[in-house]
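Participant: The sequence and its predicted three-dimensional model are supplied below.
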Amino acid sequence: QPHLRPWPEVPTINDDNRNAWLLQGAHALASLIFNFLVNFGVATTFPLFISIGTVLGIPLSVLCDCVLNGVNSETCQSLTSALSLSGFAMIFMAFILLLLAAGSRGRGSARGGDGGDGG
């Protein structure tokens, strides 16, 4: 009789793969927290702010990789070219300009409203 399961045996946690399962669980938890925070951020601020904020994760990830794995790591070497660094700088500048514009106009006008109570 053929097996109707998607894998031949049930995966179990043992000493050989414990770290892989811990990393998988940590990734799932981090993804859940990230999605909750993005939804909370969109509800309390405005979507463009959150969108640019999530894009900041890419250069911050490169920075963390360079700090944790050393500046001579392959990832750090390939992502610290002049073109990559200028792209990272533009992302940070867009975020800072958005913060300055939102701070000077107030939260209501940044969302496209007139700041009134709608009544």
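Facilitator: Structure received.

Participant: same question for stretch 31-40, mean pLDDT?
Facilitator: Here the mean pLDDT over stretch 31-40 is 91, rounded to a whole number.

Participant: Could you list the buried residues of that stretch?
Facilitator: Residues of stretch 31-40 include none that count as buried (16 or more other CB atoms under 10 Å). Any C-beta I mention is one placed from the backbone N, CA and C, and that applies to glycine too.

Participant: how about low-confidence regions in the protein?
Facilitator: 1-11, 13, 105-119 (pLDDT under 70).

Participant: hmm, 80 instead?
Facilitator: Judged against pLDDT under 80, the low-scoring parts of the chain cover residues 1-18, 52, 65, 69-71, 73-75, 77-81, 102-119.

Participant: Could you pull out the strands in it for me?
Facilitator: Secondary structure of the chain (DSSP state E): no strands located.

Participant: just the helices in it please.
Facilitator: 18-44, 47-55, 57-69, 74-78, 82-105, 107-110 (DSSP state H).

Participant: Can you give the contact residues for the fourth one?
Facilitator: Put plainly, it is helix 74-78. For helix 74-78, the external contacting residues (CB atoms under 8 Å, 6 or more residues apart in numbering) are V62, D65, C66, N69, G70, V71.

Participant: among those, which ones are buried?
Facilitator: Among these, those that count as buried by neighbour count (16+ other CB under 10 Å) are V62, D65, C66.
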